[in-house]
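Chemist: Here is my input, please return the structure:
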Amino acid sequence: MPFETPNWLLLFIAFLLGFSIDFFSDTFGLHASATVFIAYLRPYVLFFLSPRDSYEAGTFPRIDHYGFIWTLQYSFIMVFFHHIFYFYIEVLTFTNFLETFLRIILSVIFSTFIILLTQFFLYMEVKN
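Modeler: This next block holds a predicted model:
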């Protein structure tokens, strides 16, 4: 989503996305709550990672606009918070805290790798 997307619209779209995943995977609001949580955190994460000159109007948080390091940081932070929320709500207990945390770390690494790989192939220009 563009940086200028209003927060209410971002939350609404996140809910629709999460609800559609829940509808087809029969998870009763788990994905909807995790995506709304991330949509809520997005402005704070963007403020934290804001470049010195702020964000350019009409740009997206993609590798071709802000580079590899910024995209890595943004993706890692967002995926990390999503997975913490998702996995701990899924198990609803802290009894196996370390086991769940290991699942989170491994999933974050794999998901971030897939996101960066997708970003690289979709948005990087091939230089001749």
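Chemist: can you list contacts of the helix or strand harbouring Arg42?
Modeler: Assigned by DSSP states H and E, Arg42 belongs to helix 30-48. Under the criterion Cβ atoms under 8 Å, 6 or more residues apart in numbering, residues 3, 7, 10-11, 13-15, 17-19, 21-22, 25, 55, 61, 74, 77-78, 81-82, 85-86, 89-90 lie in contact with helix 30-48. Glycine gets a C-beta too; all of them are placed from N, C-alpha and C.
Chemist: Okay, buried residues for it please.
Modeler: 30-39, 41-42, 45 (16 or more other Cβ atoms under 10 Å).
Chemist: roughly how far apart are the residue nearest to Tyr86 when sequence neighbours are not counted and Thr59?
Modeler: Leaving out its chain neighbours, the residue that sits closest to Tyr86 by Cβ to Cβ, 6 or more residues apart in numbering is Ala34, at 4.3 Å. For Ala34, the distance to Thr59 (Cβ to Cβ, to the nearest Å) stands at 26 Å.
Chemist: same question, Phe28
Modeler: 36 Å.
Chemist: neighbour count winner among those two?
Modeler: Taking neighbours as other Cβ atoms under 10 Å, Phe28 and Thr59 compare with Thr59 leading, 13 against 10.
Chemist: and stretch 53-65, what's its mean pLDDT?
Modeler: Mean per-residue pLDDT for stretch 53-65: 81.
Chemist: out of everything not next to it in sequence, what's closest to Leu11?
Modeler: Leu11's closest residue in space is Ala39 (Cβ to Cβ, 6+ apart), at 4.9 Å.
Chemist: What pLDDT is listed against the one you found?
Modeler: At Ala39, pLDDT is 96.
Chemist: which regions of the protein sit below the pLDDT cut-off?
Modeler: The model of the chain has pLDDT under 70 over residues 124-128.
Chemist: repeat that with 90
Modeler: By pLDDT under 90, the weakly predicted segments of the chain are 1-5, 26-28, 50-68, 92-96, 119-128.
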